[in-house]
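# any chance you can model this:
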Amino acid sequence: MAGAGEDLRALFRAGVRAALEAWPALQIAVENGFGGVHSQEKAEWLGGAVEEYFSRNADLELDEVEDFLGELMTNEFDTVVEDGSLPQVSQQLQTMFYHYQRGDGATMKELTSHIIQRKRRVRATALSTDKQADDNNADSAEEMEVTATNDGAATGGVCPQPEPSGPDTQTIKEEDIVEDGWTIVRRKK
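Next up is the predicted model:
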């Protein structure tokens, strides 16, 4: 019977790794070295840490898993995950652990296969937002564009900045913009 338990543990480990490898926030952090020169090793360690966390805590709530993953991302990769993916990844991991506890290896294989098939490919590229044709300007601003494809459908673009609203909102008048692109900020009266 120990062989069956080891097989289930290997299936759970594979499911954890699949969920983490399909997590865009983690992959961007690793690809861009947010965890330092050992980002890839940290990502591999993260899989083992998550597996151990579930093994030591049998009755985990979804928010506990989210908090744990968020804390690991913050501590190891200096990354605060605010894209809404933490609850999704936490749910995948919790579902995988639920089936692991019940000894349902077939469902675990199916879930892992489903995660791998739906894995999103994320590509980050730098976009120059400098509107001037002057190539000598070394202070050009850059934004990150994240393009995710899911089942062959591409979505992409830069996330729009929220428009300020409310009575305290100031509008910038054209005469307040000086020649070099600076804006004069005036105090309200």
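# flag the shaky bits of this structure, pLDDT-wise.
For the chain, residues meeting the criterion pLDDT under 70 lie at 1-4, 120-181, 189.
# 90 instead, please
Residue ranges of the chain with pLDDT under 90: 1-7, 58-59, 113-189.
# need the strands for it, in chain order.
Along the chain, counting by DSSP state E, strands occupy 121-128, 142-150, 153-155.
# for Glu52, see how far away Glu41 is.
16 Å (CB to CB, to the nearest Å). All C-beta spots, glycine's among them, are computed from the backbone N, C-alpha and C.
# which residues does Tyr53 contact?
Leu60, Phe68 (CB atoms under 8 Å, 6 or more residues apart in numbering).
# repeat for Asp7
Residues counted as contacts of Asp7 (CB under 8 Å, 6+ apart) are Gly105.
# switch to numbering from 28
Sure, I'll start numbering at 28, so the last one becomes Asp34.
# quick check: the gap between it and Ser82.
Where Ser82 is concerned, Asp34 sits at a distance of 15 Å (CB to CB).
# what does Glu71 give?
According to CB to CB, Glu71 and Ser82 sit 17 Å apart.
# just give me the longest helix of the protein.
When the chain is parsed with DSSP state H, its longest helix is helix 29-48.
# and that one, which residues are buried?
Across helix 29-48, burial judged by 16 or more other CB atoms under 10 Å covers Leu35, Leu38, Phe39, Arg40, Ala41, Gly42, Val43, Arg44, Ala45, Ala46, Leu47.
# what is the nearest of those to Glu58?
Nearest to Glu58, judged by CB to CB, of the buried residues of helix 29-48 is Leu47 at 13.8 Å.
# residues in contact with the closest one?
By CB under 8 Å, 6+ apart, the contact set of Leu47 is Leu53, Ala70, Leu73, Gly74, Val77, Val116.
# setting aside sequence neighbours, what's the nearest residue to the first one?
Leaving out its chain neighbours, the residue that sits closest to Leu53 by CB to CB, 6 or more residues apart in numbering is Leu47, at 5.8 Å.
# just the fifth one next, same as before
For Val77, ignoring the flanking residues on the chain, the nearest one in space by CB to CB, 6+ apart is Val43 at 5.3 Å.
# and that neighbour, how far from Gln119?
Distance of Val43 to Gln119, computed by CB to CB: 9 Å.
# Glu71 too?
Going from Glu71 to Gln119 by CB to CB gives 18 Å.
# what's the answer for Ala133, then?
Distance of Ala133 to Gln119, given as CB to CB: 17 Å.
# more neighbours: which of the two?
Relative neighbour count places Gln119 above the other of Ala133 and Gln119, with 22 against 9, counting by other CB atoms under 10 Å.
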